[in-house]
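A.B. asks: Just the structure for this:
(chains A and B)
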Amino acid sequence: QKEVEQNSGPLSVPEGAIASLNCTYSDRGSQSFFWYRQYSGKSPELIMSIYSNGDKEDGRFTAQLNKASQYVSLLIRDSQPSDSATYLCAVTSNTGKLIFGQGTTLQVKP
Amino acid sequence: DTEVTQTPKHLVMGMTNKKSLKCEQHMGHRAMYWYKQKAKKPPELMFVYSYEKLSINESVPSRFSPECPNSSLLNLHLHALQPEDSALYLCASSPPTGFYEQYFGPGTRLTVT
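C.D. replies: I've put the predicted structure just below:
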């Protein structure tokens, strides 16, 4: 079982819609959860971090964490073509290392 | 300011060359990382420095040699690389290691010929 799992996509949504990206993880001891956005040929950019159960909102982005279900999600409201990128879910392991999922490619169509 | 800088942006080197990648952060972070990323794959951890000491080496071949001259600088020395080492090399930093956010630099695109 992979430690952090994401659907590779592509996830295609129309402009203005809500994009929902999901991630599951296997280590129940994980305490920190991150979403990175990576444009093609660029480096990962941290867009959200979440540490406790519930929702965390930042602008058009909402991260949701459910530790009981070992599930993290990222919602992007009013999706724009500029949101088209690969979104990496990352979770800290009990050794403190950052474990990445394979990434979900999001395509926002005008 | 959450900026990590890396030089050079691009590097082409032959298999017999010696070159170095450089990384710098001025955020007062005490942990710095080297990652390697191949196309369509997530970043893969190579080394971790914590308070200027090497704390993690993910069984990286000795042709990659990291160095941390001070808390703001991180180098990766390259020697006798193979074509399969061609990748995007990413530097990152975080306050200390552990459960903190890591911030990535722009990366160095390395091509080994």
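A.B. asks: At the geometric centre of chain B, which residue do we find?
C.D. replies: B:Trp34 (3.0 Å; CA atoms, centre = their mean).
A.B. asks: On the secondary structure side, give me the element for it.
C.D. replies: strand B:31-37 (DSSP states H and E).
A.B. asks: by contact count, what packs against that strand?
C.D. replies: Strand B:31-37 sits against strand B:18-25, strand B:44-50, strand B:64-70, strand B:73-79, strand B:87-94, with contacts defined as 3 or more CB pairs under 8 Å, 6 or more residues apart in numbering or on different chains; DSSP states H and E. Using the backbone N, CA and C atoms, a C-beta is placed for each residue, glycine as well.
A.B. asks: The same query, at a cut-off of 6 Å, please.
C.D. replies: For strand B:31-37, the packing partners by 3 or more CB pairs under 6 Å, 6 or more residues apart in numbering or on different chains; DSSP states H and E come out as strand B:44-50, strand B:87-94.
A.B. asks: Can you get me a residue count around A:Leu98?
C.D. replies: 26 (other CB atoms under 10 Å in any protein chain shown).
A.B. asks: Excluding sequence neighbours, find me the nearest residue to whichever residue of chain B sits closest to chain A.
C.D. replies: Taking CB to the nearest CB as the measure, the point where chain B comes nearest chain A is B:Pro42, at 3.5 Å. Leaving aside its sequence neighbours, B:Pro42 sits nearest to A:Phe100 (CB to CB, 6 or more residues apart in numbering or on different chains; 3.5 Å).
A.B. asks: what's the answer for B:Pro83, then?
C.D. replies: B:Val112 (5.0 Å).
A.B. asks: for the one you found, what are its contacts?
C.D. replies: B:13, B:81, B:83, B:85-86 (CB atoms under 6 Å, 6 or more residues apart in numbering or on different chains).
A.B. asks: give me that answer again for 8 Å
C.D. replies: B:13-15, B:81-86 (CB atoms under 8 Å, 6 or more residues apart in numbering or on different chains).
A.B. asks: swap in B:Glu24?
C.D. replies: B:4-6, B:72-74.
A.B. asks: Serialize those residues to a markdown table and add fields for distance to A:Tyr87.
C.D. replies: Formatted as a markdown table, those follow (distance: CB to CB, whole Å):
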| residue | distance to A:Tyr87 |
| --- | --- |
| B:Val4 | 20 |
| B:Thr5 | 24 |
| B:Gln6 | 22 |
| B:Ser72 | 30 |
| B:Leu73 | 31 |
| B:Leu74 | 27 |
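A.B. asks: Just the buried subset of the residues you listed, please.
C.D. replies: Taking 16 or more other CB atoms under 10 Å in any protein chain shown as the criterion, what is buried in these is B:4, B:6, B:72, B:74.
A.B. asks: neighbours around the residue in chain A that chain B sits nearest to, how many?
C.D. replies: Taking CB to the nearest CB, chain B has its nearest neighbour within chain A at A:Phe100, 3.5 Å off. Neighbourhood size, A:Phe100 [other CB under 10 Å]: 23.
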